[in-house]
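Novice: Quick one: sequence plus predicted model below, questions after.
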Amino acid sequence: MRILGVSGSLREASTNTRLLVAAKQLAPSEVKMHVTSCVGRLPLFTPDAQTSGVPAVDEWVEEVRSADGIVISTPEYAGGYPGALKNAFDWLVGTDAYIDKPFMLLKASPRSILAQDTFAKVLETMSGVHIESASVTIPLLGTTLDVPDIIENREFAEAIREAILQFASDVKRRGI
């Protein structure tokens, strides 16, 4: 099973990205997880733009198309989700890459509820399938834990592993 990790943060020391990298390392062997670097490299979306021929766009569309499911971790900025994250998903609108794609939310802060809920609605509107039973919050806000620290934290590691297993199981059950 191929899972794509998508961070809504462009920060170099992003808690959300660290959480996704930890999830990648904690995923069971039958789950191959890749954390994309495309979000910050995409040009601004405009419906007039070609959806092919731009290397970052082509790479992004192919990553999403080839994924069996998507794990998203995003911060909340001023009550909303980051524009770069929305921009990335806007590039998928004119393609078949995201049709009926399962997704889960891996939250790094219990305070990002508004952004997560709002973004989930956007993704559902785009025909994504929210696997809410797998979505989980790992309270990393205010910590400086790096990926090895997250993995070594038994409580965090178990919750992440269980969430990825639940997601993989639900995706498989959907016939992907």
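Specialist: Looks like it arrived, so ask away.
Novice: what comes up buried for the helix or strand of the chain with the lowest mean pLDDT?
Specialist: Every helix and strand of the chain was ranked by mean pLDDT, DSSP states H and E. The lowest is helix 113-125, at a mean of 89. Neighbour counts over helix 113-125 (16 or more other C-beta atoms under 10 Å) mark 115-116, 119-120, 123 as buried. All C-beta spots, glycine's among them, are computed from the backbone N, C-alpha and C.
Novice: isn't there a strand covering His34?
Specialist: Yes: counting by DSSP: H, G, I helix; E, B strand; the rest coil, His34 is located in a strand.
Novice: OK, contacts around it?
Specialist: 2-5, 24, 63, 67 (C-beta atoms under 8 Å, 6 or more residues apart in numbering).
Novice: and what of Ser112?
Specialist: Counted by C-beta under 8 Å, 6+ apart, Ser112 has contacts 74-76.
Novice: ok, of these, which come out buried?
Specialist: 74-76.
Novice: Among these, which one lies nearest to Gly83?
Specialist: For the buried ones among the contacts of Ser112, the residue nearest Gly83 by C-beta to C-beta is Thr74; the value is 11.2 Å.
Novice: State the pLDDT value of the residue positioned nearest the centre of the chain.
Specialist: Residue closest to the mean C-alpha point of the chain, counted by C-alpha atoms, centre = their mean, is Ile72 at 1.8 Å. In the predicted model, Ile72 carries a pLDDT score of 97.
Novice: which one of the buried residues of helix 113-125 sits closest to Ala97?
Specialist: Leu123 (12.9 Å).
Novice: just the CA coordinates of stretch 57-74, formatted as PDB?
Specialist: Provided in PDB are the C-alpha atoms of stretch 57-74 (Å, rounded to 0.1, in the frame of the first residue of the first chain):
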ATOM      1  CA  VAL A  57       2.900  20.200 -10.700                       C
ATOM      2  CA  ASP A  58       3.500  17.000 -12.700                       C
ATOM      3  CA  GLU A  59       5.400  15.500  -9.800                       C
ATOM      4  CA  TRP A  60       2.600  16.500  -7.300                       C
ATOM      5  CA  VAL A  61      -0.200  15.200  -9.500                       C
ATOM      6  CA  GLU A  62       1.600  11.900 -10.000                       C
ATOM      7  CA  GLU A  63       2.400  11.500  -6.300                       C
ATOM      8  CA  VAL A  64      -1.300  11.900  -5.400                       C
ATOM      9  CA  ARG A  65      -2.500   9.800  -8.300                       C
ATOM     10  CA  SER A  66      -0.200   6.900  -7.400                       C
ATOM     11  CA  ALA A  67      -1.100   7.000  -3.600                       C
ATOM     12  CA  ASP A  68      -3.700   4.700  -2.200                       C
ATOM     13  CA  GLY A  69      -4.400   7.200   0.500                       C
ATOM     14  CA  ILE A  70      -3.100  10.500   1.900                       C
ATOM     15  CA  VAL A  71      -2.100  11.500   5.400                       C
ATOM     16  CA  ILE A  72      -2.300  15.200   6.000                       C
ATOM     17  CA  SER A  73      -0.800  17.100   8.900                       C
ATOM     18  CA  THR A  74      -1.300  20.900   8.900                       C
END
